[in-house]
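In: got a predicted model here, sequence first, then my questions.
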Amino acid sequence: MDFEAAAGEVHALLGENGAGKTTLSNILTGLYRPDEGEIVLFGRPVEFHSPRDALDAGIAMVHQHFRLVSPFTVAENVVLGDHRDVGRSFLLHTRAIESKVGELSGRYGLAVEPRARIWQLSLGEQQRVEILKALYQDARILILDEPTAVLTPQEADALFETIRAMASDGRTVIFISHKLHEVKAVADRVTVLRRGRSIATLPTNEATPRSLMVGREIELGRQNGAREVGEPCVQLEGISAVGDRGVQAITDVSLMVRRGEILGVAGVAGNGQRELAETIAGMRAPAAGTIRVQGRRLRGGDPREAIAAGVAYVPEDRLGTGVAPGLSVGKNVVLKSYRKPPVSRGPLLLAREIRELAETVMRTYDVRASGPDVPAWQLSGGNLQKVVLAREFSGEPVLLVAASPTRGLDVAGIETVHSYLRGAASQGVGVLLISEDLDEILALADRVVVMYEGTLVGERDAEAATVEEVGLLMAGGEERS
């Protein structure tokens, strides 16, 4: 693979999951060492033996799977990236660090509380911390992996302005994205990777449609077609819940999803979507209100009860929550069904049956790995998501709660997940789709509700709604209904 980026340039990197984008980025940031070839930085050959070498050379990256210390505060995580004087900084300048982090948050529109613990934050808020960490390091080369995944269109536009300003200062920004409209909005040039090779580098204004990445045209827009909508499969009445930080995260939320319907929940990360999904899935006990699945009232706070009632859950954090990374693909497939035949007999797990089931699932869902014994952490994001979806669908759910199900996936992976969600709805499953990607919400949903500061602030018919209208609601731009 050959790749080059110039000082003062925003250079987009495109390609399917598994094309080599992450591997190339890990080499540039010192996590991997190349077997062959060389890296030339500012005209001089360099060798990185560790990430610290890359940081010292001025290269920082916001990874798709975050590198944060969960018990530490936002400010502590940000300053950890600045290893030049971290010991003295922590001991003597805690308030100054928090003030600097708050200043960066305001300047770049990345709202986050400097004293909050990482484990208390949503995935979108954690991504903001990673961006702040890179900005705090004042990197000369910054690699951003899907940085707009949790931003409203207005916030994404503001981030693009920041990126362009960084490039104007002589910094290089390598922008990894699967959205060509983002690439066209911010990048000067684009390099396309396929199967570990760079196949093209060209000016952004000459970039062709999505077929560049996948070798074929892909349609991700809204697909009109009547689905039969049935009786309510889930009803929430006055649900409130407390977040990990001990304060009210969602307040008096009432909604209904019918069988065969896709209800989209839009909102900027950190406005209660994660807590809402966890409450429905039984992972968080409601402080008030009732949840009914097919008319059956759930006591809440019990994942097994939710599973038995027919609730399937695809969490936003596929690596940390969706799978057990150290277990094999096969064992992850049966995480919800291992207590029942055919994969167990009494207290015994049946290894052959588990393997056969996993092989069937891998063929059905096109999970690309060398076999069912491969540890889950070795899979790409797209293949991990296929494992999670396969496991949840195998339980024949009546309700599927899908939180940011395509975050970080390439165009082909997004198309696959969208087809699974549409297929589930066409078979009578109610789908609660939670996403910060408005294009995705409007392409899939029948109805859209918007969450802001833990409450529902509006409802729209998806076919008639616009990105600008819903984006304004997400930003708190209208009165609550």
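Out: Thanks, I have the structure now. Note that the structure is a prediction, hence the values are computed from the model and not measured. Residues are numbered from 1 along each chain as shown.
In: so which residue is smack in the middle of the chain?
Out: residue 407 (3.4 Å; C-alpha atoms, centre = their mean).
In: please tell me how far that residue sits from residue 7.
Out: 31 Å (C-beta to C-beta, to the nearest Å). All C-beta atoms are positioned from the backbone trio N, CA, C, and that covers glycine.
In: quick revisit: where does the residue nearest to the centre of the chain sit: helix, strand or coil?
Out: Of the three states, residue 407 takes coil under DSSP: H, G, I helix; E, B strand; the rest coil.
In: separation between it and residue 437?
Out: Taking C-beta to C-beta, one finds residue 407 at 8 Å from residue 437.
In: can you give me the helices in the stretch 151-300 of the chain?
Out: In the stretch 151-300 of the chain, the helices defined using DSSP state H, counting those that start in this stretch lie at 153-168, 180-186, 211-214, 273-280.
In: out of the ones you listed, nearest to residue 96?
Out: Smallest distance to residue 96 across the helices of the stretch 151-300 of the chain (C-beta to C-beta): 23.0 Å, for helix 153-168.
In: for the closest one, which outside residues touch it?
Out: With contact meaning C-beta atoms under 8 Å, 6 or more residues apart in numbering, helix 153-168 is reached by 8-10, 108-109, 142, 144, 147-148, 151, 173, 175, 182, 185-186, 188, 268, 438, 467-468, 471, 475.
In: what's the helix or strand for residue 392?
Out: For residue 392, the host element (DSSP states H and E) is helix 381-393.
In: using PDB, write out every CA atom in that helix.
Out: C-alpha atoms of helix 381-393 as PDB (Å, rounded to 0.1, in the frame of the first residue of the first chain):
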ATOM      1  CA  GLY A 381     -16.700  -3.600  13.200                       C
ATOM      2  CA  GLY A 382     -19.100  -4.800  10.500                       C
ATOM      3  CA  ASN A 383     -18.600  -8.500  11.200                       C
ATOM      4  CA  LEU A 384     -19.000  -7.900  14.900                       C
ATOM      5  CA  GLN A 385     -22.300  -6.200  14.200                       C
ATOM      6  CA  LYS A 386     -23.400  -9.100  12.100                       C
ATOM      7  CA  VAL A 387     -22.700 -11.500  15.000                       C
ATOM      8  CA  VAL A 388     -24.800  -9.300  17.400                       C
ATOM      9  CA  LEU A 389     -27.700  -9.000  15.000                       C
ATOM     10  CA  ALA A 390     -27.600 -12.800  14.200                       C
ATOM     11  CA  ARG A 391     -27.800 -13.600  18.000                       C
ATOM     12  CA  GLU A 392     -30.600 -11.100  18.600                       C
ATOM     13  CA  PHE A 393     -32.700 -12.200  15.600                       C
END
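In: quick one: list the elements packing against it.
Out: Counting contacts by 3 or more C-beta pairs under 8 Å, 6 or more residues apart in numbering; DSSP states H and E, helix 381-393 is packed against strand 311-314, helix 329-333, helix 351-364, helix 411-426.
In: buried residues, the third one. List them.
Out: Along helix 351-364, these residues count as buried under the neighbour rule (16 or more other C-beta atoms under 10 Å): 353, 354, 355, 357, 358, 359, 361, 362.
In: got it, and the longest one?
Out: Judged by neighbour count using 16+ other C-beta under 10 Å, the buried positions of helix 411-426 are 411-418, 420-422, 424-425.
In: tell me which helix or strand in this protein has the weakest average pLDDT.
Out: Between all helices and strands in the chain, the lowest mean by mean pLDDT, DSSP states H and E belongs to helix 211-214, at a mean of 48.
In: now for the residue nearest to residue 306 when sequence neighbours are not counted, how many residues are close by?
Out: Nearest residue to residue 306, sequence neighbours excluded (C-beta to C-beta, 6 or more residues apart in numbering): residue 282, at 3.4 Å. By other C-beta atoms under 10 Å, the residues close to residue 282 number 22.
In: same check, this time on residue 131
Out: A total of 20 residues lie near residue 131 under the criterion other C-beta under 10 Å.
In: ok, what's across the strand from the residue nearest to it when sequence neighbours are not counted?
Out: Leaving aside its sequence neighbours, residue 131 sits nearest to residue 62 (C-beta to C-beta, 6+ apart; 5.4 Å). The partner list for residue 62 in beta bridges (DSSP bridges) reads residue 144.
In: how near is residue 62 to residue 94?
Out: To residue 94, residue 62 is 24 Å away according to C-beta to C-beta.
In: more neighbours, those two?
Out: The neighbour count for residue 62 versus residue 94, taken as other C-beta under 10 Å, is higher for residue 62 (23 against 16).
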